[in-house]
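In: here's a sequence, model it:
(2 chains)
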Amino acid sequence: QIQLVQSGPELKKPGESLKISCKASGYTFTDYAMQWVKQAPGKGLQYMGWINTQTGKPTYADDFKERFVFSLETSASTAYLQINNLKNEDTATYFCASRVAYWGQGTLVTVSS
Amino acid sequence: DVVMTQTPVSLSVSLGGQTSISCRSSQSLVHSDGNTYLYWYLQKPGQSPQLLIYKVSNRFSGVPDRFSGSGSGTDFTLKISRVEPEDLGVYYCYQGTHYPNTFGAGTKLELK
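Out: Sure thing, here's the model as predicted:
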């Protein structure tokens, strides 16, 4: 069955960086794009953008054009979200999603000094 | 960006009852390819969103027929009949027609 398994929770200080992984299984990784979605505590879902898993080309929504990097390790069927120069407002759960229907379990990122 | 306006913000429903959620988009969601990329999700507490309806009215695999989607253009509705305890959570509409994709703010379904 199709599964997206994300890496575990992160606790970081402002200014640090982190990289979240999203490992796909149960389908051919390069057949479908990977999307990323942010959910701040107690808030709704915010679309961050997507990465073409065939070409590796990322496309970011306006709020995520700075400090956010989507990447791939195709041989490992894994997508990554890197966040640089972390800010308090980056505290959120981040989801990867494929084919609209399949979502990772979410990775909680907490940024606090 | 396309604004997705969901109403109401919250709903109180009795078990076994029926209810509906409205989602309106700030522009038509009909894509140039003729499809309308409007989806409905349910997010239960502590879980990832789960797809209920895709392209306006198609139930995703395993979704009970108590859930139905309808609408066209800019006006869409999710109906839930015979509400069960597992239906409680936050419902989101989502459009994938215009980039960037956008979500509604969510409708919280609670028990009366």
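In: all contacts plus neighbour counts: C-alpha atoms, from now on.
Out: OK.
In: report the beta-bridge partners for the residue most central in space within chain B.
Out: Nearest residue to the geometric centre of chain B (CA atoms, centre = their mean): B:W40, 3.2 Å. Judged by DSSP bridges, the bridge partners of B:W40 are B:I53, B:C93.
In: and it, what does it touch?
Out: B:51-54, B:56, B:78, B:91-94 (CA atoms under 8 Å, 6 or more residues apart in numbering or on different chains).
In: with A:I2 instead?
Out: Here A:I2 is in contact with A:24-27, A:102 (criterion: CA under 8 Å, 6+ apart).
In: spell out which residues of chain A are next to chain B.
Out: A:44-47, A:49, A:61, A:95, A:100-106 (CA under 8 Å from any CA of the partner chain).
In: helices - which of these land there?
Out: With helices defined by DSSP state H, no entry of those lies inside them.
In: list the contacts of A:K12.
Out: A:18, A:86, A:109-113.
In: cutoff 7 Å now
Out: A:110-112 (CA atoms under 7 Å, 6 or more residues apart in numbering or on different chains).
In: ok, now A:I20?
Out: By CA under 7 Å, 6+ apart, the contact set of A:I20 is A:7, A:80-82.
In: what about 8 Å?
Out: A:6-7, A:80-82, A:107.
In: what helix or strand is the residue lying closest to A:Q6 once chain neighbours are set aside located in?
Out: Computed as CA to CA, 6 or more residues apart in numbering or on different chains, the closest residue to A:Q6 that is not its neighbour in sequence is A:C22, at 4.3 Å. Assessed by DSSP states H and E, A:C22 sits inside strand A:18-25.
In: chain B: which of the contacts of A:I20 is nearest?
Out: Proximity of the contacts of A:I20 to chain B (CA to the nearest CA) peaks at A:T107, which lies at 10.3 Å.
In: show me what the closest one is bridged to.
Out: A:Y94.
In: A:Q6 is in contact with that one, correct?
Out: Yes - in this structure, A:T107 is within contact of A:Q6 by CA atoms under 8 Å, at 6.4 Å.
In: now do the SS call for B:T77.
Out: strand (DSSP: H, G, I helix; E, B strand; the rest coil).
In: how many residues are close by it?
Out: Neighbour count of B:T77, defined by other CA atoms under 10 Å in any protein chain shown: 21.
In: excluding chain neighbours, what is closest to it?
Out: Excluding its sequence neighbours, the residue lying closest to B:T77 (CA to CA, 6+ apart) is B:S22, at 4.6 Å.
In: ok, the one you found - contacts?
Out: B:6-8, B:75-78.
In: biggest separation within the residues you listed, which pair?
Out: Using CA to CA, these span at most 14.0 Å, a distance reached by B:P8 and B:D75.
In: tell me which of these two has more neighbours.
Out: Between B:P8 and B:D75, B:D75 has the larger neighbour count (other CA under 10 Å), namely 17 against 14.
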